[in-house]
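3D, please:
(one chain, ligands or ions: 2)
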Amino acid sequence: MSEKKEIVLSGIRSTGNLHLGNYFGALRKFVAIQDNYDCNFFVADLHALTTSPDPEALHANVKNIIAEYLAAGLDPEKSTIFIQSDVPEISEMYLLLNMHVGIGELMRTASFKDKARKALGLGSAADNESEEAFEKEIIGAETNKRVNAGLLTYPTLMAVDILIQKATKVPVGKDQLQHLELTRRFARRFNNFYGVDLFPEPTDFDFGGAPVKVPGLDGSGKMGKSEGNCIYLIDEPKALRKKVMRAVTDEGPQAPDSPMSEPVANLFSLLELTSAPEVVESFRKSYADCSIRYGDLKKQLAEDILAITTPIRERVADILADDAYIANVVRRGAEKARERAAATLSEMRHIMGIRKF
Ligand code: ADP
Ligand code: TRP
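Ligands and ions are numbered 1, 2, ... in the order given. Presented below is the predicted three-dimensional model:
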């Protein structure tokens, strides 16, 4: 009996180049599961439009991410690699699913609140008096400061990405779990409303072990595009070394076995992701006996990061130079993605009463 592989799907918004956080938190894991699952990885360019509407930048970013996916080891022979906007069925289903989504539940989504506040130039949620005041700001916003409707319906579009492929496992970061919860809710609601069993309810992909959080080099928090603290997979060696050497540290351990400050603990986290266990151990020892020199640690860290990123950077350059190859990968990916998308959409249209005469 042939065993059906579980359908895994994940996407990254095309808002910039991929960084070490994306690599260790997502991409490297995607690469590792390609043999065992029916894998679907895409570039969420329609989602990127909600915050980054510059046409030239969008096009370049889509191409870069596809090249970075491939360079990091996503294999078009094993996984379906595609661009969201190449699957027009997604846009149609987004319209249909929106009929079953409440504006209230969308407005209560954490990512919407954050992004809407940013669009309106407001402070963080904590500085803001009340929900009511926030809603008034949105409704009363001048058109030059509007909160676009795409931002509000972002979770609908993400749910469609997942449900249209009937994916059951969705590897995402913690910040996306609320969107996944909404996806389950929308799936359940649709199934119940029409008395059908069309959509499976997807769950987060459990890779086992503690989730990876790649810290930034600026002392606190995580590495992220909007934090401006990223080491990119395509950073040139010189620039990369400079970033690492500039990483925030402290005045050094003042007594044996002192606890680590956050910036130093962050450097060790990066070292753990990139360096051999003996190397990490030896720096831990020198920290414990106060003989550590942060400069040495940073030099080692920079070289160990480069050992990982250099082959990727070189492959990215080769792939970017080969437009025909990229076009071929995304065309084949779109064909495969559209096949399942078209089938789901057709079932959905029928269920909803949109039928041919
Ligand atoms: P960014 O925060 O830079 O905008 P995204 O939100 O587009 O990155 O993240 C895409 C994927 O990369 C998600 O699965 C997310 O969990 C992962 N990721 C991003 N930053 C990190 C990080 N610092 N550590 C671990 N994983 C991360
Ligand atoms: N919203 C996700 C993010 O910002 C990207 C995304 C869009 C996605 N559609 C998806 C992730 C479907 C997983 C599945 O990271």
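
going by C-alpha atoms from here, please, whenever you check contacts or count neighbours.
Fine.

what pLDDT does Asn144 get?
Looking at Asn144, its pLDDT stands at 82.

neighbours of it, just the number please.
Applying other C-alpha atoms under 10 Å, we find 8 residues neighbouring Asn144.

distance of it relative to ligand 1?
25 Å (C-alpha to the nearest ligand atom, to the nearest Å).

and that residue, helix, strand or coil?
helix (DSSP: H, G, I helix; E, B strand; the rest coil).

wait, a strand at Phe42?
Yes - counting by three-state DSSP, Phe42 is part of a strand.

the residue of the stretch 151-300 of the chain found nearest ligand 2: helix or strand, and which one exactly?
Nearest residue of the stretch 151-300 of the chain to ligand 2, counting by C-alpha to the nearest ligand atom: Met158, 4.1 Å away. Following DSSP states H and E, one finds Met158 within helix 154-163.

output the contacting helices and strands for that helix.
Using 3 or more C-alpha pairs under 8 Å, 6 or more residues apart in numbering; DSSP states H and E as the contact definition, the elements that helix 154-163 packs against are helix 88-98, helix 177-194.

need those helices in a markdown table (columns: mean neighbour count, distance to Ala57 and mean pLDDT).
What follows is the helices and strands packed on helix 154-163, written out as a markdown table (neighbours: other C-alpha atoms under 10 Å; distance: least, C-alpha to C-alpha, whole Å; pLDDT from 0 to 100):
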| stretch | mean neighbour count | distance to Ala57 | mean pLDDT |
| --- | --- | --- | --- |
| helix 88-98 | 18 | 21 | 98 |
| helix 177-194 | 18 | 26 | 98 |
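
as TSV, these with distance to ligand 2 would be great.
What follows is these, written out as TSV (distance: least, C-alpha to the nearest ligand atom, whole Å):
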stretch	distance to ligand 2
helix 88-98	11
helix 177-194	8
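
Glu236 is nearest to which of those?
Closest of these to Glu236 is helix 177-194, at 33.6 Å (criterion: C-alpha to C-alpha).

what's the closest one in contact with?
With contacts defined as C-alpha atoms under 8 Å, 6 or more residues apart in numbering, helix 177-194 is touched by 100-101, 109-110, 155-156, 158-159, 162-163, 196-204, 351-352.

helix or strand right after that helix?
Next along the chain after helix 177-194, taking DSSP H and E as the criterion, comes strand 203-204.

quick check: neighbours of that following strand in the sheet, parallel or antiparallel?
Using DSSP bridges, the strands paired with strand 203-204 are strand 169-170 (parallel).

chain center to the strand it pairs with, what's the gap?
Strand 169-170 sits 13 Å away from the centroid of its parent chain (C-alpha atoms, centre = their mean, to the nearest Å).

need the contact partners of it.
Contacts for strand 169-170 (C-alpha under 8 Å, 6+ apart): 6-10, 162, 202-205.
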